[in-house]
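Visitor: Need a 3D model of the following:
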Amino acid sequence: MSRLNSFIRRLEAQRACLDLAIALIEPVAGPVLELGLGNGRTYDHLRANLPNRAIFVFDRRIAAHPDCVPTPEFFIEGDVVATLERSATRLPGPAAMVHCDIGTGDRHANAALAETIAPLIDHLMAERGVVVSDQRMEAPGWQPVPLPEGVAEGRYNIRRVERGLE
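Guide: Numbering: from 1, shown residues only. Prediction:
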């Protein structure tokens, strides 16, 4: 498969998983967290599909298209580990959804970062909230959600917080 086709499949999987997560969190109160603004495409998608939700964006710096930049009160700048550790007081309540797009080209570094931030994300999550990620993440009480049709296992990941099932 060409790198272009792989990129297209990744974006199609990302959109399908985000759309499923948006539907799943409809009855769950709370903000949405976007970890990794990048060029702002997924933030823009979330903003368009969740117009009544507060969406907090975490990134080291803003490098997005000007039309896809959150307002300052919704942008949390800095290292994702440090900002997640201290963000609970800044959020209006537990998060209904977290979208985490933190992958680099380094599989081992990705896995280590996912393992580090999963408990930090868990601390911020609402019961029945959803974690959507390009990396596999686990925490006690997170249950896998079947991926949308056409999304290959491992291409993207969806977990639902169901601590009562432990």
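
Visitor: quick one: contacts for T42?
Guide: Residues in contact with T42 (Cβ atoms under 8 Å, 6 or more residues apart in numbering) are 14, 18, 34, 99, 101. C-beta: built from backbone N, CA, C; applies to glycine.

Visitor: Just list what the strand ranked longest in the chain packs against, helices and strands only.
Guide: Using DSSP state E, we find that the single longest strand of the chain is strand 125-133. Secondary-structure packing of strand 125-133 (3 or more Cβ pairs under 8 Å, 6 or more residues apart in numbering; DSSP states H and E): helix 3-24, strand 95-100, strand 157-161.

Visitor: Point to the residue nearest the middle of this structure.
Guide: Nearest to the geometric centre of the chain sits H99, at 0.9 Å (Cα atoms, centre = their mean).

Visitor: these two touch, right, it and G38?
Guide: No. Judged on Cβ atoms under 8 Å, H99 makes no contact with G38 at a distance of 11.1 Å.

Visitor: With distance to E77 as extra columns, can I get the helices and strands packed on strand 125-133 in CSV?
Guide: Shown next, in CSV, are the helices and strands packed on strand 125-133 (distance: least, Cβ to Cβ, whole Å):
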stretch, distance to E77
helix 3-24, 23
strand 95-100, 17
strand 157-161, 26
